[in-house]
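Engineer: just a sequence and a predicted model for now, questions to come.
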Amino acid sequence: METFESERAPQPRNMIENSMFEEEPDVVDLAKESPSYPIDTDDVVYEPRSSRLLVRGLGENDLDEDEEDYESSARLLGMSFMNRSSNQRSAASSYIRQHYSGSCSMPSTKTMVVGVVVLVLVASMLMVLYFLLGCNFTTAGCQKTNSTMDSIYPNSTNGELFPWADLRLPCSVHPVHYNITLHPDLTIMTFQGSVSILVQVLNETKNIVLHSSDMNIIKATFDGKEVHFLEYKPWQQIAFKFPEDLKKGQYVLNITYTANLSSSYDGFYNSSYVDTNGIKRVLAATQFEPLAARKAFPCFDEPAFKSTFTIKMTRESKYISLSNMPKVITTDLKNGLEEDEFEKSVNMSTYLVAFIVADFISVSKNVSKTKVSVYAVPDKKEQVQYALDTACKLLEFYNSFFKNEYPLSKLDLVAIPDFLAGAMENWGLITFRETTLLVGSNSSAIDKQLVTSVIAHELAHQWFGNLVTMQWWNDLWLNEGFATYMQYISIESVFPGLDIDTEFLNVRFKALAKDALNSSHPVSTVVSTPEQVEEMFDSVSYEKGASILLMLNATLTDGEFQKGVTQYLQKYKLSNTKSENLWNSLSQVSKQNLSVSEMMNTWTVHKGFPLVTVKRSGTQVTLTQEHFLLNAENSTDDSLWHIPLTYVSDKCSVLSSCKQVFHLKEKTATLKLPDQVKWLKFNVRSDGFYIVHYDEEGWKDLIGALKEDMNVLSCKDRAALINNIFALSRSGKVSFRQVLNLMDYIRNENETAPVTEALFQLGQIYRLLDKRSELDLASRMTSYIEDHFGSLMENQSWDLETSVSKMTLRSALLEMACSLNIRNCTTQAKHLFDQWFTSNKTSQIPSDLMRTVFKVAAQTDEGWGKLLDMYKHSINDPEKHKTLEALASTQDVWKIIWILQKSLDGSEIQTQEFPLVINTICKSFAGYLYAWDFVKENWDKITQKFSVGSFAIQSIIMSATSQFSTKTHLVEAQNFFSSLGTKGSQMRIVQEAIETIKLNMRWMENNLNTLQSWL
């Protein structure tokens, strides 16, 4: 599955313990609570609107009475603070807590003593009875003991004991084949269903346990006889109990049921859109990964329970239906209804099953033995051709690369108007957001890069995830890490002009930043709750997974990586695997004196990554590794990685043949150089998943070399030095003065990778200063950015550009320039917008500059109104996406409130865009506290729309909190998250948010004086 875009990169997008299918649950484990992540907190009760006093320089105007009660830190206070040109804000108001004002009398000392004595006597009597009589107390009186089942098994909905007590299903019964019949009613948004499951009893058992959620089961039969079922809703399980053991063999379980089409973004859900004639159209689609197939039909909803499926869909004749397999026959049922029956599927996991009922159109093309089709709403039929051509080329590449041809006779790519994830790899029926599949006539190469990346990712899943599937969600990275890596490999080969290499470098930097936190997790880790499964869809599974595969491929030689992957796919096709299976396949083809399993286990089992410290004395280089943490206080981690260190020197540094390799396995090792060198640069092109710190002389030599001639290092190596030194500064290992020393060379830099990395890092610091009201320092940072990048900004063209690299560079430079009002950027942007609008869009705005231009236009009432009208009527999805970002960048209080409300309720802005809206609003000083208050006050609504732990929730939390850097905001965040209980307090992302705030506080405390002196 592809996650929606993050702030840093338009990059794609759950894991549970590996003790597969224990027949009986472990009694000790059942006594444990779900793994939690405790939050540091004071004993202060959370009050939803307590941040409202934190905004500086505001008046005291209340909202109108008929406005929604929405007074936050900024809401109470009118709009005078929007005049940013005044550069005046008063200090933050003190953080006020409310206290209970009632009064009650304190009991007397005598009363308290008597009460304590009575309690002690009662407790003593109960203990005597318990130990002497050896009994438990129930409503039936004193019985000998409770049975083991009573103490272990939970109660089902009707009060009977549920016969299973584990989130994981028992392995005694496996599905063989499903016959699924569905009839969705798109008028009342319900569906009727029946499922016939051919099951194989592998071990004698009295119970069959499977998954079902939010269904009204009407009738169930087992081998033709009606059977009673039990339901345990907390685990979304149903069970069938039998008086005698079922013997080994095959049986048929039939279940008839009804359900509502889901109103969220998982299961079998309803969706809608408004066409160009203003008519509302409805459809139904599915999103089952990770745990939502059980919402569409009762099933064994775990990846290892692979089975075949036959699906029949009843629909109105005005719609079409699609599923994983080609349609076999359509039967006219009269009364305007038709039934489509699809071919029997290949063996696959439930989360890959998919079906759609909609009024879509399509275009098709044949590749080898496969018919490739792209579907979209009729209004967007002109935007599907690029996706079709791209999918065909990539399918040909993967067929050749994997030496295993795509096994189905059809491959559909479908653009869903209302879809949360970036895309979903359902076998033979891949679903996409419209923005990640459709390309208009005015779309730029950057727009095409995004669409190509998502298609490449999902097609790679047809092998990694579909053909071969991880056994359990703890190894999700086998799906997502591989698909992420292969998207870059394939695009670099098939579409070299898309400059995907720079994008992959940014992705690795993003993964390093996430993995440097204490709240990170190993690539392969134990997870045991639905929320933890959801949380596995994160940067570690995707980007770190891809990064360690890149490092491995760079270490192996002679095409060994491709050979090992091919062997792995051939050996395990249509089955399930663990990480060890992949490493063993790669070890078997490697001719090097290298144990792939031994090396790679250090990267998948350990959390985080190493910091390698380099100290050179003549020709002797001392190398030391340690776990790199942004906050290493009280850390006792002694993890060691097997690091394939690469390095170059001044003797030879740019050509690929210059790279030297040294394997660091111990804490400390010594490298002997053959000759004296002026400098060394480790981690060539940042192909390794580690960062490097040099001693004082090492940094001095590298910085000196860059100032003399920056081209002695590749642009990737220069970008990596910038990334590494900012990370080292954030951890406290180098001073910010050293960072600024390195940055002196940047005035001469004009390559995309180092410039965009420098702007990203400096932009983060600027936003922290801005949100703390460090106005003088924020102004100085603006001057620093203008001094170091102003000439390059001024030299950027506003005309059409074809090079992806140049477009990426100028969009980053001009967006920064316009946001900080540097030079004449906003004047140029306004002129371009006015010219474009008055010409009825015939005078084109380059697509890569559209977001920058629209954001400038959105700062006036007139411009914002024009953009809102465009957003409502546009059918060009890349343009519509950029328009929404511009609308959310407004500094106007009322507009901020409106867009927050409309994007959550889905009335005028689709709810799928809510995480993007929060992210964009939080970037500005005007909106970040509004967004934070909105998240707090609407948490229940938000978690009804988005699953707890999901990528959307992760994005919302980090967007709302990642720029806090004060004790007041830290305490407020701790108290709010602690108040959530089962609705989110134990999420890993909460720990990440708290840790990030603390890191921001520490960095500010340590570096404000340096900034005062050096900026």
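Structural biologist: Thanks, I have it.

Engineer: how far away is the nearest residue in space to residue 811 that is not next to it in sequence from residue 944?
Structural biologist: Nearest residue to residue 811, sequence neighbours excluded (Cβ to Cβ, 6 or more residues apart in numbering): residue 848, at 4.6 Å. Where you see a C-beta, it was placed from the backbone N, CA and C, and this is true even at glycine. For residue 848, the distance to residue 944 (Cβ to Cβ, to the nearest Å) stands at 37 Å.

Engineer: neighbour count: these two, which is higher?
Structural biologist: Taking neighbours as other Cβ atoms under 10 Å, residue 848 and residue 944 compare with residue 848 leading, 25 against 11.

Engineer: isn't the more buried one right up against residue 810?
Structural biologist: Yes. Here residue 848 lies in contact with residue 810, judged by Cβ atoms under 8 Å, at a distance of 7.1 Å.

Engineer: let me see the contact set for residue 539.
Structural biologist: Residues counted as contacts of residue 539 (Cβ atoms under 8 Å, 6 or more residues apart in numbering) are 510, 511, 514, 515.

Engineer: point out where the chain drops to low pLDDT.
Structural biologist: When residues are selected by pLDDT under 70, those of the chain lie in 3-151, 634, 983.

Engineer: which single helix of it contains the most residues?
Structural biologist: Secondary structure of the chain per DSSP state H: the longest helix is helix 988-1014.

Engineer: which other helices and strands contact that helix?
Structural biologist: Helices and strands touching helix 988-1014, by 3 or more Cβ pairs under 8 Å, 6 or more residues apart in numbering; DSSP states H and E, are helix 530-535, helix 715-731, helix 736-743, helix 752-771, helix 775-794, helix 951-961, helix 967-978.

Engineer: thinking again about what came up before, ok, and the most crowded of the contacts of residue 539?
Structural biologist: residue 511 (27 neighbours).

Engineer: that residue - nearest residue in space that isn't next to it in sequence?
Structural biologist: Nearest residue to residue 511 in three dimensions, chain neighbours excluded: residue 543, at 3.6 Å (Cβ to Cβ, 6+ apart).

Engineer: secondary structure element for residue 485, which one?
Structural biologist: Following DSSP states H and E, one finds residue 485 within helix 477-494.

Engineer: the helix or strand following that helix - contacts with which helices or strands?
Structural biologist: With elements assigned by DSSP H and E, the helix or strand that comes after helix 477-494 is helix 500-515. Here helix 500-515 touches helix 445-461, helix 477-494, helix 539, helix 545-555, helix 715-731, helix 752-771, going by 3+ Cβ pairs under 8 Å, 6+ apart.

Engineer: which residues does the helix or strand just after the fourth one contact?
Structural biologist: Read that as helix 545-555. Where DSSP H and E defines the elements, the next helix or strand beyond helix 545-555 is helix 560-572. With contact meaning Cβ under 8 Å, 6+ apart, helix 560-572 is reached by 401-404, 463, 467-468, 552-553, 556, 577, 581-582, 585-592, 596.

Engineer: stretch 398-409 too?
Structural biologist: With Cβ under 8 Å, 6+ apart as the criterion, stretch 398-409 contacts 324-326, 346, 367-371, 395, 427-428, 459-460, 462-463, 467, 486, 489-490, 562, 565-566, 569-570, 573.

Engineer: just the buried residues out of the residues you listed, in ChimeraX syntax.
Structural biologist: Here is the ChimeraX command that selects the buried residues among the contacts of stretch 398-409 (16 or more other Cβ atoms under 10 Å):
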select :324,325,346,367,370,395,427,428,459,460,462,463,467,486,489,490,562,565,566,569
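
Engineer: wait, residue 645 sits on residue 659?
Structural biologist: No. If you go by Cβ under 8 Å, residue 645 and residue 659 don't touch, sitting 10.5 Å apart.

Engineer: quick one: which of those two has more around it?
Structural biologist: residue 645 (22 against 15).

Engineer: give me the phi and psi for the more buried one.
Structural biologist: In terms of degrees, to the nearest 10, the main-chain angles of residue 645 are phi -70, psi 130.

Engineer: for residue 182, same thing?
Structural biologist: phi -130, psi 150.

Engineer: quick one on the thing from earlier: and the contacts of helix 560-572, which are buried?
Structural biologist: 401-402, 404, 463, 467-468, 552-553, 556, 577, 581-582, 585-587, 589-590, 596.

Engineer: among those residues, which are located in strands?
Structural biologist: 468, 577 (DSSP state E).

Engineer: from residue 829, how far off is residue 908?
Structural biologist: Taking Cβ to Cβ, one finds residue 908 at 26 Å from residue 829.
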